[in-house]
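**Q** Predicted model follows, preceded by the sequence.
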Amino acid sequence: ENQSKCSVLYHDQEQTPQVPTQSNPHPDGSCTDGVCDCGSQPCGEYLWDHRNGTMLRDWLVKEFILGSTGLSSPAVDGFFMDDYWCSNKLCAADPSIPGCPCSDPVQGPTEVDKNNQIDMGLSDDAIQDIALAWNS
């Protein structure tokens with residue numbers, strides 16, 4: 001990938017397409033011909049703030065998932081939709097909520113770098129609000 005690309009959007013490079021190297025010949029996703037082209041942004045796992053309601057949900061379904069760069073593209077085989085947002089505050093109030101306790105490895109989005117809450121500057125209240133919006 002073009003190393004000069006940078007993004008202010010929160011993302012990490014775990015479980016994302018990479019150019020195979022001698023030390024990592026079989027990454028999670030192999031880019032063709034030594035190039036990872038993810039468009040104008042770096043390849044990575046990006047997070048969405050679900051507190052902005054149905055407008056985001058409609059866009060995610062109609063454009064991101066079903067659009068020309070999603071399942072309508074012959075280059076896309078599918079999406080993994082197994083992740084969720086977990087809130088320590090919600091789990092303390094009701095431990096029967098699926099995903100409680102938050103241990104993947106911390107509260108917030110699952111399968112993302114453990115420092116994500118600090119990196120994004122989110123409070124425990126913000127994590128709770130995003131988890132509630134994700135679940136709605």
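**A** Received it, and whenever you're ready, just let me know what you need.

**Q** Does Ile97 touch Asn88 like I think?
**A** No. When contacts are counted by CB atoms under 8 Å, Ile97 is not listed as touching Asn88 (11.0 Å). Placement of C-beta: from N, CA and C, glycine included.

**Q** Three-state assignment for Asp58, please.
**A** When classified by DSSP: H, G, I helix; E, B strand; the rest coil, Asp58 comes out as helix.

**Q** Can you classify Cys91 by secondary structure?
**A** With three-state DSSP as the criterion, Cys91 reads helix.

**Q** Can you get me a residue count around it?
**A** Neighbours of Cys91 under the rule other CB atoms under 10 Å: 19.

**Q** excluding its backbone neighbours, what's nearest it?
**A** Spatial nearest neighbour of Cys91, excluding adjacent residues (CB to CB, 6 or more residues apart in numbering): Cys100 at 3.7 Å.

**Q** separation between that neighbour and Leu47?
**A** 20 Å (CB to CB, to the nearest Å).

**Q** got the contact list for Val76?
**A** Thr69, Gly70 (CB atoms under 8 Å, 6 or more residues apart in numbering).

**Q** Now do the phi/psi pair for it.
**A** Main-chain torsions, Val76, degrees, to the nearest 10: phi -110, psi 120.

**Q** Tell me which helix or strand comes right after the helix or strand of the chain with the lowest mean pLDDT.
**A** Every helix and strand of the chain was ranked by mean pLDDT, DSSP states H and E. The lowest is strand 29-30, at a mean of 72. As assigned by DSSP states H and E, the chain's next helix or strand after strand 29-30 is strand 45-46.
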